[in-house]
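# sequence and predicted model, in that order:
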Amino acid sequence: MKTVAIIQARMGSERLPGKVLKVLGTHSLLGHVIKRVKRIKKLDDLVIATTKLTEDKQIIKTALKYNVRYFRGSENNVLERFYQAAYDSSADVIIRITADCPLLDPSISEKVLFPILQKKYDYSCNTQPATFPDGMDTEAFTFETLKKVYYSSTEDYQKEHVIPLIYENPKTFNIYNYKSEKDLSKYRFVIDNEDDFHFLQSIYDILGNDFYEINHFELVKLIINNTKLNSIKLSGRRNEKFKNK
């Protein structure tokens, strides 16, 4: 089976325009995500799914810089863009990642992927309910599952996102949720607004080059043991089900 990671990325963002190319250390946010996704075991290919908008040519330049493929599709019909990117990649299994998670932990993504590779489930995630820090979100599913979702989704909101139909039909899809042994969902390492970006910048200032390798356990420990980081109140709210990037 060919396993493909698809990262959704676009320049448009209501709360933080152009955030995916904001620089943190020596890489853009998208660059961080690409580097971490490349470390996921059992991965055969990586594709950046972006739009046909002129502004998203910058996303293409980033994909080429990191030597990964890209696919351009609809701005608003994200489901179509995602499906066509998977089809174009001849994917049998897909990992879905969004470009606002520069501290994604590859080991978590591997645990989400494993049940799909074992052909035990149609869809696997770590967000229903969420027990890992925000910013570690991963979904994995077969191409056949995605195909069924694509041809069965008729409502606009189902097309604006990728997987609503799956959550709405738990009897149709065999769903697995990977849970953390300890609930760490209150911690936030995703970038949705300016506060999030400054928070991760503060983490980078403390860690330096260790920022590129740190995992989610070490991140949580860092927050707990650092008074400055622990005192920062982030304003974002986790969007567990529908992440549209």
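Done, it's in.

# how many residues are close by the closest residue in space to Ser152 that isn't next to it in sequence?
In this structure, Ser152 finds its nearest non-sequential neighbour in Leu165, 5.9 Å apart by Cβ to Cβ, 6 or more residues apart in numbering. Yep, even glycine has a C-beta here, placed from its N, CA and C like the rest. Neighbourhood size, Leu165 [other Cβ atoms under 10 Å]: 20.

# pretty sure Leu165 is in a strand, no?
No. Secondary structure of Leu165 (DSSP: H, G, I helix; E, B strand; the rest coil): helix, not part of a strand.

# separation between it and Asn177?
Distance, Leu165 to Asn177, by Cβ to Cβ, to the nearest Å: 17 Å.

# in stretch 44-58, what counts as buried?
Residues of stretch 44-58 classed as buried by neighbour count (16 or more other Cβ atoms under 10 Å): Leu46, Val47, Ile48, Ala49, Thr50, Thr51, Asp56, Gln58.

# now do stretch 91-108
Residues 91-106, 108 are the ones in stretch 91-108 that count as buried (16+ other Cβ under 10 Å).

# looks to me like Phe132 is in a strand.
No. Applying three-state DSSP, one finds Phe132 to be coil, outside a strand.

# residues contacting it?
Counting by Cβ atoms under 8 Å, 6 or more residues apart in numbering, Phe132 touches Asp105, Ile108, Asn126, Ser180, Leu184, Ser185, His216.

# select, from those, the two members most distant in space.
Within the contacts of Phe132, Asp105 and Ser185 form the most distant pair, 14.0 Å apart (Cβ to Cβ).

# so Val4 belongs to a strand, correct?
Yes. Val4 forms part of a strand when assessed by three-state DSSP.

# quick one: neighbours of it, just the number.
Neighbour tally, Val4, other Cβ under 10 Å: 21.

# tell me who's in contact with it.
Leu43, Asp44, Asp45, Leu46, Val47, Ala86, Ser89, Ala91, Val93, Ile94, Ile95.

# go again using 10 Å as the cut-off
43-47, 69, 85-86, 88-95, 143 (Cβ atoms under 10 Å, 6 or more residues apart in numbering).

# tell me the pLDDT at it?
Here, the pLDDT recorded for Val4 equals 98.

# what sits closest to it if chain neighbours are left out?
Spatial nearest neighbour of Val4, chain neighbours left out: Ala91 (3.8 Å); criterion: Cβ to Cβ, 6+ apart.

# can you tell me which residues contact the one you found?
Going by Cβ under 10 Å, 6+ apart, the list of residues near Ala91 reads 1-6, 44-45, 47, 85, 142-143, 146.

# can you tell me how far it sits from Glu160?
Distance from Ala91 to Glu160, by Cβ to Cβ: 22 Å.

# mind listing what's buried in the longest helix seen in the chain?
Ranked by number of residues, the top helix in the chain under DSSP state H is helix 194-207. Across helix 194-207, burial judged by 16+ other Cβ under 10 Å covers Asp195, Asp196, Phe197, Phe199, Leu200, Ile203, Tyr204, Leu207.

# ok, stretch 157-169 next?
Gln158, Lys159, His161, Val162, Ile163, Pro164, Leu165, Ile166.

# helix/strand/coil for the fourth one?
State at Val162, reduced to three classes by three-state DSSP: coil.

# for stretch 136-148, buried residues please.
So, applying 16+ other Cβ under 10 Å, buried residues of stretch 136-148: Met136, Asp137, Thr138, Glu139, Ala140, Phe141, Thr142, Phe143, Thr145, Leu146, Lys148.

# revised request: answer the last question for stretch 1-16.
Neighbour counts over stretch 1-16 (16+ other Cβ under 10 Å) mark Thr3, Val4, Ala5, Ile6, Ile7, Gln8, Ala9, Arg10, Met11, Ser13, Leu16 as buried.
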